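Engineer: Kindly return the folded structure for what I paste below:
(one chain, ligands or ions: 1)
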Amino acid sequence: MSETIEKVKCLIIGSGPAGYTAAIYAARANMNPVLYQGTQPGGQLTTTNEVENFPGYPTGVTGPEMMMELQKQAERFEADIRHGWITKVDFSGDIHKVWVNDEKEIHCETVIISTGASAKYLGLDSEQKYLKLGGGVSACAVCDGFFYRNQEVVIVGAGDSACEEAHYLSKLCKKVTMLVRKDEFRASKIMADRVKKTPNIEILFNTETDEVLGDGQVVNAVRVFNNKTKEKHEILATGFFVAIGHKPNTDIFKDFLELDETGYIINKPGTAKTNIPGVFVSGDAADHVYRQAITAAGTGCMAALDAERYLASKDANFEVSTSTYN
Ligand code: NDP
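Structural biologist: Numbers count the residues shown, from 1 in each chain. Alright, predicted model coming up:
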């Protein structure tokens, strides 16, 4: 075996609430966890503004602040938090192999996958063109809304994310036009009602995007069509926001793990176990139903406890720590 191969007891992939919670539990259970943060340290919550529904923050907290606190908490117990992107895995043997940035090879007794999910786009050529140019297409109102102060923007989507982002944008922008492809919202009633009551948000039901228009560098309008009447019209806008859901970041695992039709990892009910012994999953990579920071944190805890029990079952000298169960 090459000397460059590192051996770890517990490798955690991903740095959202699931990954950091798994790291806190694994570190307190003497599993010496190593956590790779991925390309978006802190995960999706770093693109969220105010988090009001995570227990323990009575006056709310910003997403980035909460993630920094979770990281600090994991480091307090000496979890090894590293920059790096896991590019390949091999779960075919007893020892699970992962590669960091296509170079460094690590052999792991247990792996906890907390890779989360990424924003979806419509896939129109014009949308992708202005997205790549950084010229007015975004999937994160909280990250980019500031650039559109006092301007007019369009947002696509009808779920809770779209409502939350439309409301956020309405505080910065002169006008927000919301495109809803059905004749109703998918969002919870409270979120939809808030959008409906906001004076500078105009909601266009049964309306889809035909083309994102611009001068070749930046967006200046969006051509939309009514999917009942087929009528088209243009809306002047300098920003085009997409809030139509997420795709789980699970592509590198598909040759080894059971995934559902959308790519979410299938866990054994009531546990964080996957179909491969020693490989566990937590957070949005396995959750298309709840997708909340608090549920991700909860399953991060479950994954660490399951990994600890797995290690104890393999190695009589590895004691399950009682403290983690208190
Ligand atoms: P959802 O999957 O709930 O909603 C996606 C929305 O995008 C749907 O309204 C869907 O339309 C629309 N859509 C999908 N594809 C297209 C397309 N090609 N063109 C136009 N519209 C499209 O995703 P969210 O990200 O909104 O929410 C994910 C989860 O996170 C949910 O469980 C949600 O409750 C939760 N969440 C909770 C929040 C909170 O409580 N603070 C905040 C944000 C999210 P259609 O309805 O027609 O299918």
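
Engineer: What strand or helix carries Lys171?
Structural biologist: Element membership of Lys171 [criterion: DSSP states H and E] is helix 160-172.

Engineer: Likewise for Ser313?
Structural biologist: Element membership of Ser313, judged by DSSP H and E, is helix 293-314.

Engineer: Residues of the chain that sit close to the ligand?
Structural biologist: Selection of the chain residues close to the ligand by CB under 6 Å from any ligand atom yields 122, 156-162, 164, 181-182, 186, 208, 244-246, 291. (Each C-beta comes from the backbone N, C-alpha and C, glycine too.)

Engineer: Kindly state the domain boundaries assigned to the chain.
Structural biologist: Domain assignment of the chain by automatic domain parsing yields the ranges 5-118+246-325, 121-242.

Engineer: Now do the helices in this protein.
Structural biologist: Applying DSSP state H to the chain gives helices spanning 17-28, 63-76, 125-133, 141-144, 160-172, 189-196, 293-314.

Engineer: Packed most tightly, which of the ones you listed would that be?
Structural biologist: Mean neighbour count (mean count of other CB atoms under 10 Å) peaks for helix 17-28 among those, with a mean of 30.

Engineer: Show me what that helix is packed against.
Structural biologist: Where contact means 3 or more CB pairs under 8 Å, 6 or more residues apart in numbering; DSSP states H and E, helix 17-28 is packed against strand 6-13, strand 34-36, helix 63-76, strand 104-113, helix 293-314.

Engineer: Out of the ones you listed, which is closest to Ser92?
Structural biologist: The closest of those to Ser92 is strand 104-113. By CB to CB, the value is 12.7 Å.

Engineer: tell me which residues of that closest one are tucked away?
Structural biologist: For strand 104-113, a neighbour-count test (16 or more other CB atoms under 10 Å) marks 104-113 as buried.

Engineer: Stretch 269-276 too?
Structural biologist: For stretch 269-276, a neighbour-count test (16+ other CB under 10 Å) marks 272-274, 276 as buried.

Engineer: Quick check: the residue of the stretch 101-250 of the chain nearest the ligand.
Structural biologist: In the stretch 101-250 of the chain, the residue that lies nearest the ligand is Gly159 (2.4 Å; CB to the nearest ligand atom).

Engineer: Next, the contact list for the nearest residue in space to Pro64 that is not next to it in sequence, please.
Structural biologist: Leaving aside its chain neighbours, Pro64 sits nearest to Thr46 (4.9 Å; criterion: CB to CB, 6 or more residues apart in numbering). By CB atoms under 8 Å, 6 or more residues apart in numbering, the residues touching Thr46 are 40, 63-64, 67.

Engineer: Off-centre distance for stretch 140-156?
Structural biologist: The chain centre lies 20 Å from the centre of stretch 140-156; the measure is CA atoms, centre = their mean, to the nearest Å.

Engineer: hmm, I was thinking of stretch 92-109
Structural biologist: 23 Å.

Engineer: start the count at 699, not 1, going forward
Structural biologist: Yes, from this point I'll number from 699; that puts the last item at stretch 790-807.

Engineer: Pull up the distance across that stretch, start to finish.
Structural biologist: The first residue of stretch 790-807 is 13 Å away from its last residue (CA to CA, to the nearest Å).

Engineer: tell me the mean pLDDT over that stretch?
Structural biologist: In this model, stretch 790-807 carries a mean pLDDT of 96.

Engineer: do stretch 712-725 as well
Structural biologist: Computed over stretch 712-725, the mean pLDDT rounds to 97.

Engineer: Restricting to C-alpha, output that stretch in CSV.
Structural biologist: What follows is stretch 712-725, C-alpha atoms only, in CSV (Å, rounded to 0.1, in the frame of the first residue of the first chain):
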residue,chain,number,x,y,z
GLY,A,712,-20.2,17.7,3.3
SER,A,713,-20.4,20.7,5.7
GLY,A,714,-24.1,21.6,6.1
PRO,A,715,-26.0,21.1,9.4
ALA,A,716,-26.0,17.3,8.7
GLY,A,717,-22.2,17.0,8.3
TYR,A,718,-21.3,19.3,11.2
THR,A,719,-23.7,17.6,13.6
ALA,A,720,-22.3,14.2,12.5
ALA,A,721,-18.8,15.6,13.2
ILE,A,722,-19.8,16.8,16.7
TYR,A,723,-21.2,13.4,17.7
ALA,A,724,-18.5,11.4,16.0
ALA,A,725,-15.8,13.5,17.7
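
Engineer: Pretty sure Cys861 sits against Ala885.
Structural biologist: Yes. The pair Cys861 / Ala885 is scored as a contact, 4.5 Å apart, by CB atoms under 8 Å.

Engineer: Pull up the overlap in contacts between the two.
Structural biologist: Residues within reach of Cys861 and of Ala885 at once, by CB under 8 Å, 6+ apart, are Val893.

Engineer: Next, the contact list for Tyr755, please.
Structural biologist: Contacts of Tyr755 (CB under 8 Å, 6+ apart): 749, 764.

Engineer: now swap in Thr702 and tell me
Structural biologist: Neighbours of Thr702 in contact, by CB under 8 Å, 6+ apart: 802-803.
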